[in-house]
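Student: 3D, please:
(2 chains)
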Amino acid sequence: MALTTRTVGNVTILELSGRFDAHMAPAILEWYGKLRTSQVVVNLAGVNFIDSSALAALTGGMKRCRQQNGDLKLCALQQPVQVIFELTRMNRAFEIFPTEAEAIASFRR
Amino acid sequence: MDTEQARDKAIATPHAQANREASLRDQLCRQKYEIEELAGQLVETQDLLLAMYDLSQATRSHLGLGETLRHLANEATRLVCVKGAILCVGPTIVHHPTALIDDLSLLNHLEIMEERGTDLILNTPQATLPTGITNLCFLPINLQGSLKATLVLINREGNFTAPDLKLGRAIAEQAGAHIEHALLYQETLAQTRLQAEMDVARRVQLHLLPQARPNVPTLDIYADSRPALQVGGDFYDFVSEPDRPLLLLLGDVAGKGISAAMIMGLVHTATRSAARFMPDPTPAKVLSRTNNDLYDDLTLLDSFITAFIAQYVPEQELMRYANAGHAPVIYRPPNGRAQLLEGDGIPLGVLPMTLSEDYTLDFTAGTLLIVTTDGFNEARDPNGVMFGYERLLELVDEFADQPAQVIAYGLYNTIDGFTGGQIQEDDQTLIIIKGLGKDGAS
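Tutor: Numbers count the residues shown, from 1 in each chain, chains lettered A, B, ... in the order given. From the prediction side, this is the model:
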């Protein structure tokens, strides 16, 4: 599991890869603590597995951002990850985009 | 001729005697020197033994790694007569009495020592040393496993000599044994704590599960939960109140261990109070109220709950249900095929609203509703292949004619066979509800 970040304008992009599970969730929660903006895009293109701890970590970030009038949006979900979002209906709680560019652009609307 | 020989002999004898005496004196001198040397070595060995004894005594009562390292550094400073000592064990660095050398220089020298693979002695004026440092001695400490450890001695009056090195090596060897002891203690302590936490979590979980199944003449109900080694936060409950329809619920808290068990306790209370005291508690209303009650707590704890609630309406042979992000829920109409019932609501604790609505299923004789947690479909075989939903649906069709309890055993046994005796990674919880019809026949 790897974690890299970039900034595009006011939007912070968090790029994850590998298995996103209980081992990775604490690192994500710690990362939120250092976050300066409330506009975040999590790019999941490299993530092939996600579990409930990971969903909880993403939910935590989404709540923090929305409290500060921002949002945490997701993009580029692989099929197995997409299925988990649909089964848990988490796809109704998050804004999910096919590409990173679309997710970033959505903040400018 | 005789006189000549005798004269020669007379001259030679005192000469030879003198030679013999000289060689004896030499021999004596050598032996005296050897005895002195031996005595010196004995004293040195005795000193060493005494020093090791002191070290053992001083360190014996200290169990934590930090405490052990502080004492070892203190004793090493005293025994080798240096100004300070450092003990490095993995990422832990302990200075005594204070940091005489900065971290960067320390790490650079450690790297050099590691490359050499043996002791490193840096005496002035030969070596370039950081300011305030006159000499340094780096001694590797052998530990079992991959962790690296080093004893650093700083500023010996004069310079480091061979006896200092000998003493230093002996201290490093002793220190190794003490450090290993402390590391082992630390590991055991952590394991004991984890074990205690798991025991508490499991006790909470077992305490919250209902002790008896509700008795409804037109339903065959079976429920069970097999907790994993590390409790996973699964729960189920039945709320049966006089003059109120029976509520059956099953859920899964995101996260594991004691925090999951605590949240389970909160849900238990919240759903029970909603089901008991709301004027008209439909499944969707109970989910919504539970979400309202727990939203702030779940936000604080960075968790959420997937939950499924069903409510039986015997007069109409109907099952009303609402789903907050829970899967899998399997429905099988009499003589039909098992199918997944997809939910509409998001899990509890994600948004201030649940978006769950009430739906109804005909629940006549032979109808099956099976709600499990993901411990079933996510169980893996020894090659890492997941059991999956398809196999679960086929299994339900296969066992559909059996009573609820037999279906449950069938599911558990099949999963156990599939995983091939590997450790159960997640809780496996299920509720099986089978319609018996108004005459109560299966």
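Student: tell me the average confidence for the longest helix seen in chain B?
Tutor: For chain B, the helix with the greatest residue count under DSSP state H is helix B:2-60. Averaging pLDDT along helix B:2-60 yields 77.
Student: which strands and helices sit next to it?
Tutor: helix B:65-80, helix B:162-208 (3 or more Cβ pairs under 8 Å, 6 or more residues apart in numbering or on different chains; DSSP states H and E). For the C-beta atoms, the positions are set from N, CA and C on the backbone; glycine is no exception.
Student: worst average pLDDT in these?
Tutor: helix B:162-208 (a mean of 85).
Student: other SSEs contacting that one?
Tutor: helix B:2-60, helix B:65-80, strand B:82-89, strand B:135-141, strand B:149-156, strand B:234-239, helix B:257-277.
Student: distance between that helix and the chain's centre?
Tutor: 12 Å (Cα atoms, centre = their mean, to the nearest Å).
Student: what helix or strand does the residue lying farthest from the centre of chain A sit in?
Tutor: Here chain A reaches farthest from its C-alpha mean at residue A:109, the gap being 19.2 Å by Cα atoms, centre = their mean. Under DSSP states H and E, no helix or strand contains residue A:109.
Student: taking the stretch 1-150 of chain B, what residue is nearest to chain A?
Tutor: Residue of the stretch 1-150 of chain B nearest chain A, by Cβ to the nearest Cβ: residue B:91 (17.5 Å).
Student: quick one: that residue and residue B:181, what's the gap?
Tutor: Between residue B:91 and residue B:181 the distance, using Cβ to Cβ, to the nearest Å, works out to 19 Å.
Student: of these two, which one has the most company?
Tutor: Higher neighbour count among residue B:91 and residue B:181: residue B:181, with 16 against 6, using other Cβ atoms under 10 Å in any protein chain shown.
Student: so can I have TSV of the helices and strands packed on helix B:162-208 showing mean neighbour count?
Tutor: Below are the helices and strands packed on helix B:162-208 laid out as TSV (neighbours: other Cβ atoms under 10 Å in any protein chain shown):
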stretch	mean neighbour count
helix B:2-60	11
helix B:65-80	21
strand B:82-89	23
strand B:135-141	23
strand B:149-156	24
strand B:234-239	22
helix B:257-277	20
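Student: can you put these in CSV and add distance to residue A:14?
Tutor: Below are those laid out as CSV (distance: least, Cβ to Cβ, whole Å):
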stretch, distance to residue A:14
helix B:2-60, 46
helix B:65-80, 35
strand B:82-89, 34
strand B:135-141, 41
strand B:149-156, 37
strand B:234-239, 30
helix B:257-277, 24
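Student: next, residue B:372: phi, psi?
Tutor: Backbone torsions for residue B:372, taken as degrees, to the nearest 10, come to phi -130, psi 170.
Student: hmm, it is touching residue B:328, no?
Tutor: Yes. Contact criterion Cβ atoms under 8 Å: residue B:372 and residue B:328 qualify, at 6.0 Å.
Student: list the residues that contact both of these two?
Tutor: residue B:392 (Cβ atoms under 8 Å, 6 or more residues apart in numbering or on different chains).
Student: so for residue B:420, what's the nearest residue that isn't a sequence neighbour?
Tutor: residue B:382 (4.8 Å; Cβ to Cβ, 6 or more residues apart in numbering or on different chains).
Student: that neighbour: what's it in contact with?
Tutor: Residue B:382 sits in contact with B:419-420, B:422, where contact means Cβ under 8 Å, 6+ apart.
Student: where does the chain have low pLDDT?
Tutor: No chain was given, so I picked chain A. A:1 (pLDDT under 70).
Student: not quite, I wanted chain B
Tutor: Ranges of chain B meeting pLDDT under 70: B:1-12, B:58-63, B:440-442.
Student: care to break it down by domain?
Tutor: What automatic domain parsing lists as the domains of chain B is B:41-186, B:209-435.
Student: mind checking how far the first one is from the chain centre?
Tutor: Yep, that's domain B:41-186 we're talking about. With Cα atoms, centre = their mean as the basis, domain B:41-186 stands 30 Å off its chain's centre.
Student: quick check: end-to-end length of it?
Tutor: 39 Å (Cα to Cα, to the nearest Å).
Student: residues contacting residue 25?
Tutor: Using chain A. A:53-54, A:56-57.
Student: that's the other chain; I wanted chain B
Tutor: Residue B:25 touches nothing, counting by Cβ under 8 Å, 6+ apart.
Student: spell out which parts of the stretch 301-442 of chain B neighbour chain A.
Tutor: B:302-304, B:306, B:325-327, B:342-347, B:349-351, B:355, B:374 (Cβ under 8 Å from any Cβ of the partner chain).
Student: chain A: strands as residue ranges?
Tutor: With DSSP state E, the ranges of strands along chain A come out as A:2-8, A:11-20, A:39-50, A:71-75, A:96-97.
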